[in-house]
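Chemist: Please work out how this folds:
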Amino acid sequence: VAGLGNYGLRGTRHSVGMEVLDQLARQLAVAEGWRVDKRCCADVALATAHGLELVLLKPRRFMNLNGLSVASAAEIYSLGPEDIYLVHDDLDKALGKVAIKLGGSARGHNGVQSCISAMQSNEMTRLRIGIGRP
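Modeler: Below you'll find the predicted structure:
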């Protein structure tokens, strides 16, 4: 589960994917387990939920390069595109609205496009978090 965003600009609506992952880590009781993984240039926490092993990932790169971290982590943890969930902001959804998208285009989102390019696949599931237009 990758929370997309701009690592250096945390707390902004554009980095809501990382905030969602922070909340998920708290709910799964692994919030103290975040560690820097230089192999994929990301903060990583491992968790278990409903019998599934999860890799929580917050890239330490700008949005348009998030895919490099996602692809590196996929290689390290032997994950395919179908195993990856991207959590990211969506300008076209009202603030707080959530939608799941299975594969398809990036719809203009630079972080998603970076992941599609780096993974050479558009099969990742996306959890789109509405941030509305400013």
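Chemist: Give me the contacts around the strand or helix carrying V55.
Modeler: Assessed by DSSP states H and E, V55 sits inside strand 52-59. Around strand 52-59, the neighbours that count as contacts under C-beta atoms under 8 Å, 6 or more residues apart in numbering are 1-5, 7, 18, 21-22, 24-25, 28, 30, 34, 40-48, 65-66, 68-70, 73, 77, 79. C-beta: built from backbone N, CA, C; applies to glycine.
Chemist: can you rerun that using 7 Å?
Modeler: Applying C-beta atoms under 7 Å, 6 or more residues apart in numbering, the external contacts of strand 52-59 come out as 1-3, 7, 18, 21, 24-25, 41-48, 66, 69-70, 73, 77.
Chemist: Ok, stretch 11-28 next?
Modeler: By C-beta under 7 Å, 6+ apart, the residues outside stretch 11-28 that reach it are 1, 3-6, 9-10, 31, 34, 45, 47, 49, 56, 58, 63, 87-89, 129, 131.
Chemist: Can you select the buried ones among those for me in PyMOL?
Modeler: Selecting only the buried entries of the contacts of stretch 11-28 in PyMOL, with 16 or more other C-beta atoms under 10 Å as the criterion:
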select buried, resi 1+3+4+5+6+34+45+47+56+58+63+87+88+89+129+131
